[in-house]
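*Asks:* Only the shape, not the letters, is given here:
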């Protein structure tokens with residue numbers, strides 16, 4: 001039996017919309033009405049499901065979603081401590097208050113030790129509203145604490161995953177840079193530059209709370225060290241596109257390699273040279289979006305394909321293929337290097 005209880009005047013819209021769902025175990029009609037009266041007197045909105053025996057109590061406990069259990073301690077064929085045990089087995093976090101006229105101190109202490117939230121004597125029913133409020137507040141506090149703990153556990157796991165990925169990236173960069181460096185000085189310069197790009201990318205992602213970040217911001221942050229040279233320029237053109245963290249890190253590393261090469265041998269190495277970097281996003285037939293980046297060097301010295309395969313080219317090709325799940329094409333024209341990168345936006 002369900003009985004919604006509501007004070008004649010309730011101003012709190014949340015109480016009106018979200019009644020406290022109570023499972024009441026009580027075989028006495030008189031005591032049932034007494035409990036209802038004291039709940040009403042204490043204010044608030046309650047939706048009460050009334051049961052008088054074990055079978056209907058268990059059925060209601062299994063079928064319903066309750067915020068609180070109120071149970072008489074002594075019934076003809078059932079008792080409150082058994083109801084408490086059943087509740088703890090099936091709904092361990094559900095607040096449970098024993099209501100009894102014959103609850104001794106020893107039994108009360110045992111019941112609390114077995115998981116009861118509180119107990120109220122029928123001779124002191126004026127305590128019921130405050131006991132209910134306290135039980136609900138404690139349950140909500142436990143729920144929030146558990147939610148915070150679960151969130152913290154998730155964050156720690158995510159942090160561990162990201163740290164491992166970052167360390168693996170740093171290790172790979174160090175190994176590849178060292179294997180392709182002729183001198184220690186060459187290794188130091190190249191490695192520290194790549195490490196700085198990785199740091200800048202992570203800093204940008206931290207500012208975005210490790211969510212999606214604007215592609216333009218990623219490009220501007222990566223290319224900023226190359227803009228201070230007089231007589232050369234970087235021209236960026238494209239729409240606002242929000243990309244995921246993994247794509248942001250990879251694009252930063254790839255663009256750093258292109259810009260470093262251009263600063264040493266290409267359009268950013270001589271006065272009057274410039275790089276045009278454009279990007280756009282197009283929708284494919286299957287409904288997915290494809291991002292295209294186009295790097296074009298102009299008015300720099302004549303370039304020729306390198307005689308040996310460096311780490312920069314390996315990073316560009318593998319980064320596009322494995323990290324971006326996309327494609328890349330690096331071309332060496334007489335008027336400058338061109339690089340096209342495409343990857344799906346997920």
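*Replies:* Now that the structure is in, tell me what you want to look at. Source: prediction; values computed, not measured. Numbering: from 1, shown residues only.
*Asks:* Let me see the contact set for residue 120.
*Replies:* Listed by CB atoms under 8 Å, 6 or more residues apart in numbering, the contact set of residue 120 reads 97, 98, 99, 100, 127, 128, 131. Just so you know, the C-beta spots here come from the backbone N, C-alpha and C atoms, and that holds for glycine as well.
*Asks:* who does it bridge with?
*Replies:* residue 99 (DSSP bridges).
*Asks:* pLDDT on stretch 20-29, on average?
*Replies:* Average pLDDT, stretch 20-29: 91.
*Asks:* List the buried residues in it.
*Replies:* 20, 21, 22, 23, 24, 25, 26 (16 or more other CB atoms under 10 Å).
*Asks:* Straight-line length of that stretch, end to end?
*Replies:* Distance across stretch 20-29, first residue to last, is 21 Å (CA to CA, to the nearest Å).
*Asks:* That stretch: how far from the chain's middle?
*Replies:* Stretch 20-29 sits 40 Å away from the centroid of its parent chain (CA atoms, centre = their mean, to the nearest Å).
*Asks:* picking up where we left off before, now, which of the contacts of residue 120 sits nearest residue 117?
*Replies:* Nearest to residue 117 among these, counting by CB to CB, is residue 97 at 5.7 Å.
*Asks:* Assign a three-state SS to the closest one, would you?
*Replies:* strand (DSSP: H, G, I helix; E, B strand; the rest coil).
*Asks:* And for residue 294, nearest residue in space, chain neighbours not counted?
*Replies:* residue 278 (4.8 Å; CB to CB, 6 or more residues apart in numbering).
*Asks:* That neighbour reaches residue 237, doesn't it?
*Replies:* Yes: Residue 278 lies in contact with residue 237 (CB atoms under 8 Å); the separation is 4.7 Å.
*Asks:* what is in contact with the two at once?
*Replies:* With contacts defined as CB under 8 Å, 6+ apart, no residue is shared by residue 278 and residue 237.
*Asks:* Could you check the helix or strand hosting residue 248 and say which residues are buried?
*Replies:* If you go by DSSP states H and E, residue 248 is part of helix 245-264. Within helix 245-264, the residues scored as buried using 16+ other CB under 10 Å are 245, 247-263.
*Asks:* Residue 215 and residue 345: what is the separation?
*Replies:* Distance, residue 215 to residue 345, by CB to CB, to the nearest Å: 10 Å.
*Asks:* before we move on, what about residue 82?
*Replies:* 59 Å.
*Asks:* Which phi and psi values does the residue lying closest to residue 61 once chain neighbours are set aside adopt?
*Replies:* Excluding the flanking residues, the one nearest residue 61 by CB to CB, 6+ apart is residue 90, at 5.9 Å. Residue 90 adopts backbone torsions of phi -100, psi -30, taken as degrees, to the nearest 10.
*Asks:* Off-centre distance for stretch 18-30?
*Replies:* When distances are taken as CA atoms, centre = their mean, stretch 18-30 is centred 39 Å away from the chain's centroid.
*Asks:* repeat for stretch 41-59
*Replies:* On CA atoms, centre = their mean, the centre of stretch 41-59 falls 37 Å from the chain's centre.
*Asks:* Then stretch 256-271?
*Replies:* With CA atoms, centre = their mean, you get 39 Å for stretch 256-271.
*Asks:* what's the answer for stretch 28-44, then?
*Replies:* Centre-to-centre, stretch 28-44 and its host chain are 43 Å apart (CA atoms, centre = their mean).
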